[in-house]
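> 3D model of this:
(one chain, ligands or ions: 1)
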Amino acid sequence: MGKVRDVVITRRTGFCYGVREAIDYAKTAAAEGKPTHTLGQVVHNEGVIEQLESQGIRTVDTLDEVHEGAAVVIRAHGVTPEVMDRAKARGLEVIDGTCTWVIQEQRALSQLVDEGYTIVLLGTPRHPEVVGLLGFAPDAIVVDEEEDWGRIPRTKRMALISQSTQPPWKFERLAAYLVGRCHELKIVNTICPVTIRRQQDTMEAAAAVDFMVVVGGRSSANTKELTRLCQIAGTPVLQIESAADLHDPDAFGDAELVGVTGGTSTPIEDLQVVTRRIYELAGTAEARDHAARLAEASLRRVADSTYRTSSVPSSPVPTEV
Ligand code: SF4
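You can find the predicted model right below:
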């Protein structure tokens, strides 16, 4: 018999506003009867992709797969100016879902290029956001892990900028490293506040519970960072992609209070499904009996207008089992 009696979903989870907006653009275009495509997966979540497909929205890998006159949604990560120009030249209806924060990064990069800085971009080399950013600063030096940093040349004027979802601690450490490698260092902090707040909330939750579950894509940098933070907090943690990955009740040990958090591409509704699964798998007898209702209550505790990142309909929060 399990011991879990309460599962709390952290505040400010669910899609970030950039992802949500790109999805909304695609849905709106499809609802208006336009043949709609997204260039690349709008979010790395198979359930969401299936849902979009059921609404007639196709994911394509290249612009060549889109017929002239059809709509193509640029996802939140953004693309290079060259891709944007090509889409327009091909007569496609371009719906730009590039996140406003990413647009700021792109502008900042263009400015740094104009100012003549040697640019260091902290990011995951083949991540779509980084690929798009390099379209604005082709000579930027992309570095990720600390082992990479040694190849940054010494130079007089250097600028540091970051992919939006990089952890702040790494950005700060790289900034400190660069101080010793140049005469002038310009730092443009482009780490997204959504990422920072999500990490703070996860740290808070991890400090308060016996066990954490992090939900998100296996290769998602921001998801992995949440897992790392739980480990730093000393809280046992399990990173999963979905409720289907939860099989073993023993994984929860003697935990009574469990926290659930998710990456910026994880719909908050998935966290409710995961919460229910935890109650069913590792809950007390009473919790198991009321798993569905308890999971809904866990979601509604954070799904109010103060913290919201989903379209969960408003209704009174169930308070009793
Ligand atoms: S994480 Fe931030 S920058 Fe990236 S898409 Fe979401 S809101 Fe935009």
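> lowest average confidence, helix or strand, in the chain?
None of the helices or strands of the chain scores lower by mean pLDDT, DSSP states H and E than helix 46-54, at a mean of 89.
> following element in sequence after that one, please.
The helix or strand immediately downstream of helix 46-54 is strand 57-60, counting by DSSP states H and E.
> strand partners of that next one, parallel vs antiparallel please.
Strand pairing for strand 57-60, determined by DSSP bridges: strand 36-39 (parallel).
> ok now the strand it pairs with, how far from the chain's centre?
20 Å (C-alpha atoms, centre = their mean, to the nearest Å).
> would you mind checking the average pLDDT for that strand?
Mean pLDDT, strand 36-39: 97.
> what of stretch 145-164?
Stretch 145-164 comes out at a mean pLDDT of 96.
> cool, and stretch 179-189?
97.
> rewinding a little: and the least confident helix or strand of the chain, how far out from the chain's middle?
Remark: helix 46-54 is offset 17 Å from the chain centroid, using C-alpha atoms, centre = their mean.
> and if you look at stretch 191-211?
Per C-alpha atoms, centre = their mean, the centroid offset for stretch 191-211 relative to its chain is 13 Å.
> near the ligand, anything from it?
Yes: counting by C-beta under 6 Å from any ligand atom, the ligand is contacted by stretch 191-211 at 192, 194-195. Heads up, the C-betas are built off the backbone N, CA and C, glycines and all.
> narrow the residues you listed to those that are buried.
192, 194-195 (16 or more other C-beta atoms under 10 Å).
> which of these lies closest to the ligand?
Among those, Cys192 lies closest to the ligand (C-beta to the nearest ligand atom), at 3.1 Å.
> isn't the closest one up against Thr100?
No: with contact defined as C-beta atoms under 8 Å, Cys192 does not count as touching Thr100 (10.3 Å).
> need the residues of this protein near the ligand, please.
Residues of the chain lying near the ligand (C-beta under 6 Å from any ligand atom): 16-19, 76, 99, 101-102, 164-165, 192, 194-195, 264.
> of all those residues, which two lie farthest apart?
Tyr17 and Thr165 (13.4 Å; C-beta to C-beta).
> more neighbours: which of the two?
Thr165 (24 against 16; other C-beta atoms under 10 Å).
> what sits against that one?
129, 191-192, 195, 221-222, 225, 264 (C-beta atoms under 8 Å, 6 or more residues apart in numbering).
> so which of those belong to helices?
Using DSSP state H, the members of those that fall in helices are 129, 195, 221-222, 225.
> report the lowest-confidence entry in those residues.
Here the lowest pLDDT out of the ones in helices among the contacts of Thr165 sits on Ala221, with 81.
> so what's that residue up against?
The contact partners of Ala221, by C-beta under 8 Å, 6+ apart, come to 124, 127, 163, 165-166.
> pretty sure Val79 is touching Thr62, no?
No: at 11.6 Å, Val79 does not count as touching Thr62 under the criterion of C-beta under 8 Å.
> list the residues that contact both of these two?
Leu39.
> rewinding a little: TSV for the contacts of Thr165, including distance to Ile57?
Output for these, formatted as TSV (distance: C-beta to C-beta, whole Å):
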residue	distance to Ile57
Glu129	21
Ile191	30
Cys192	25
Thr195	26
Ala221	25
Asn222	24
Glu225	29
Thr264	20
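> ok, those vs the ligand, which is closest?
Using C-beta to the nearest ligand atom, Cys192 is the member of the contacts of Thr165 that lies nearest the ligand, at 3.1 Å.
> distance of that closest one relative to Asp96?
According to C-beta to C-beta, to the nearest Å, Cys192 and Asp96 sit 18 Å apart.
> ok, now Glu50?
From Glu50 to Asp96 the distance is 25 Å (C-beta to C-beta).
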